[in-house]
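Trainee: what would the 3D arrangement of this be:
(one chain, ligands or ions: 1)
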Amino acid sequence: MSYYYQDPHFFWCESIEELKTRIETSDFVIYDQRLSCDIDCLKSDRSPNLFFAIQGGEFLKDLHQCYPIFNVLMQNPHLPPKPRFIAIGGGSITDTVGFIAAIYKRGCPLVFVPSTWLAAIDAAHGGKNALNYAGLKNMLGTFYFPNEIWFCRALFERLPSEQAEDAWAEALKVALIDSHSLYKKMCQTVQSSSSCQDGHTQKTPCIDLWPLLPDLIEAKYKIVRQDPYDEKKIRYRLNLGHTLGHIIESQRQLSHGRAVGYGLRFAYEFSKFENVLETELWLPGIPSLAELQQLLPQLNNLAHFLKHDKKHTKGIEFVFIQRPGQIVTRSISIDQITSFIKYLSHG
Ligand SMILES: NC(=O)c1ccc[n+]([C@@H]2O[C@H](COP(=O)([O-])OP(=O)(O)OC[C@H]3O[C@@H](n4cnc5c(N)ncnc54)[C@H](O)[C@@H]3O)[C@@H](O)[C@H]2O)c1
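Mentor: Got it, this is the predicted structure:
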């Protein structure tokens, strides 16, 4: 594949009113119904037919859940033939609407308005969208880049604090991939946050991620720009923590962010075991080794799940940590991973 890639245009604002000025009368706005009170004020003097509420959550990432949206698209006389899609919500909404925008009439203009920290840091960027299939994560998907991404601080105000905890693993992951300076900035932010007075607690820090967003987002784009369509194995680096993270997410009903936290601890321990890691690192807010060891015996059918890992060709492209800013990808066998999991599980 060699399509032209261009960074999306970013727009930053504080209030919903500022968002309102950007929505055009012919846009098709699909939003998480939890945001109804915010979105109601966007609707005034526009056709309510062009706003469609759906329930966000992992169950949305299923082909069947797309049919009601296809029906609206086909039957709504107010919509232009190829409307601009505006997806307002978390990663489940951006993934699902990104997928629909990519395939509807072979592609429509697309805007993401992330409303969770996870979506703002990660899911809205990089053009990957995917639905789940047969209990496996992200099996059906396309590469399709949004033209614009709008960040509205007001949308994050009512987010429960667990949502910041959920995004933390992805935030720390991208910082570790990017540089020692960004990793250090994240650690310092945790140390100076009031919820973490000893500076070494494993409890997920409760910090305001808004000021960190520009650095974290730029860290992801530095990778995406080098390999937008995942052809050169450069984007594999972003999979740090996801090999085991996706299995945990599928099997343990944990949120994506929390599952990636366990996956990141696993990648760290595996990097140490394989002598790739140069020096011990503090991973604030990431499950401890003991917590990982408690969870591992609850996983089953590992070989089957690993075989369906999208980074599986002859072996698994596993992402190891050498040091912050230096990430190494190596092909390893499924046996190697399952043996290490057994080794860790037995303490
Ligand atoms: N495409 C990618 O590159 C990429 C990267 C990372 C994650 N993801 C995907 O993102 C999904 C997880 O993202 P998520 O946690 O944002 O998911 P989500 O959309 O399921 O949102 C989580 C919950 O928060 C609620 N919510 C959303 N915005 C809210 C707000 N402002 N206030 C209160 N509640 C709100 C939702 O209704 C939902 O219940 C997973 O499916 C994962 O696979 C995709």
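
Trainee: C-alpha from now on. contacts and neighbour counts both.
Mentor: OK.

Trainee: for the residue lying closest to Pro297 once chain neighbours are set aside, give me its contacts.
Mentor: Among residues not flanking Pro297 along the chain, Ser345 sits closest, at 6.2 Å (CA to CA, 6 or more residues apart in numbering). Residues near Ser345 by CA atoms under 8 Å, 6 or more residues apart in numbering: 293-294, 296-297.

Trainee: one more time with 7 Å
Mentor: 293, 296-297 (CA atoms under 7 Å, 6 or more residues apart in numbering).

Trainee: now, of those, which are buried?
Mentor: Buried residues within the contacts of Ser345, counting neighbours by 16 or more other CA atoms under 10 Å: 293, 296.

Trainee: and the contacts of Ser345, which is closest to Asn147?
Mentor: Closest approach between the contacts of Ser345 and Asn147, by CA to CA: Leu296, at 40.5 Å.

Trainee: over to that closest one: give its phi and psi.
Mentor: phi -50, psi -40 (degrees, to the nearest 10).

Trainee: hey, where'd the helices end up in the stretch 201-347 of the chain?
Mentor: Using DSSP state H, counting those that start in this stretch, the helices of the stretch 201-347 of the chain run over 213-226, 242-252, 256-273, 289-295, 302-307, 334-345.

Trainee: could you list the residues in contact with the fourth one?
Mentor: The contact list for helix 289-295 (CA under 7 Å, 6+ apart) reads 262, 265, 344-345, 347.

Trainee: switch those over to JSON lines; also include pLDDT.
Mentor: Putting the contacts of helix 289-295 into JSON lines (pLDDT from 0 to 100) gives the following:
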{"residue": "Tyr262", "pLDDT": "97"}
{"residue": "Arg265", "pLDDT": "97"}
{"residue": "Leu344", "pLDDT": "92"}
{"residue": "Ser345", "pLDDT": "88"}
{"residue": "Gly347", "pLDDT": "70"}
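
Trainee: I'd like to know which elements the helix or strand containing Glu165 is packed against.
Mentor: Glu165 belongs to helix 161-178 when elements are defined using DSSP states H and E. Judged by 3 or more CA pairs under 7 Å, 6 or more residues apart in numbering; DSSP states H and E, the packing partners of helix 161-178 are helix 117-118, helix 180-192, helix 213-226, helix 256-273.

Trainee: which one of the contacts of helix 289-295 sits closest to the ligand?
Mentor: Tyr262 (14.9 Å; CA to the nearest ligand atom).

Trainee: lowest-confidence one in the contacts of Ser345?
Mentor: Within the set of these, pLDDT is lowest for Pro297 (90).

Trainee: quick one, domains of this protein?
Mentor: 9-156, 161-345 (automatic domain parsing).

Trainee: and for stretch 51-67, what's in contact with it?
Mentor: 28-33, 92-93, 96, 131-133.

Trainee: so how many other residues sit close to the residue in the stretch 201-347 of the chain that the ligand sits nearest to?
Mentor: Distances between the stretch 201-347 of the chain and the ligand by CA to the nearest ligand atom are smallest at His256, namely 5.5 Å. His256 has 21 neighbouring residues, counting by other CA atoms under 10 Å.

Trainee: what of Asn76?
Mentor: Asn76, neighbours per other CA under 10 Å, totals 11.

Trainee: what residue ranges in the stretch 151-300 of the chain score low on pLDDT?
Mentor: 194-206 (pLDDT under 70).

Trainee: not counting residues beside it along the chain, what's closest to Gly325?
Mentor: Ser179 (3.7 Å).

Trainee: next one: Leu306
Mentor: Nearest to Leu306 is Ile334, by CA to CA, 6+ apart, at 6.7 Å.

Trainee: before we move on, the earlier item: the residue of the stretch 201-347 of the chain closest to the ligand reaches Glu249, doesn't it?
Mentor: Yes - counting by CA atoms under 7 Å, His256 touches Glu249, with 5.9 Å between them.

Trainee: how close does the spatially most central residue of the chain get to Lys82?
Mentor: The chain has Ala123 as the residue nearest its centroid, 3.5 Å off, counting by CA atoms, centre = their mean. In this view, Ala123 and Lys82 are 24 Å apart by CA to CA, to the nearest Å.

Trainee: how about the residues of the stretch 101-250 of the chain near the ligand?
Mentor: 115-116, 118-119, 122-123, 128-129, 155-156, 158-159 (CA under 6 Å from any ligand atom).

Trainee: convert the helix or strand that contains Met139 to PDB, retaining C-alpha atoms only.
Mentor: Element membership for Met139 (DSSP H and E) is strand 136-143. Output of strand 136-143 as PDB, limited to C-alpha atoms (Å, rounded to 0.1, in the frame of the first residue of the first chain):
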ATOM      1  CA  LEU A 136     -11.100 -11.900  19.200                       C
ATOM      2  CA  LYS A 137     -10.100  -8.300  19.400                       C
ATOM      3  CA  ASN A 138      -9.800  -6.000  16.400                       C
ATOM      4  CA  MET A 139     -10.100  -8.700  13.800                       C
ATOM      5  CA  LEU A 140     -12.000  -6.700  11.200                       C
ATOM      6  CA  GLY A 141     -10.600  -3.300  10.300                       C
ATOM      7  CA  THR A 142      -9.200  -0.800   7.900                       C
ATOM      8  CA  PHE A 143      -6.600   2.000   7.900                       C
END
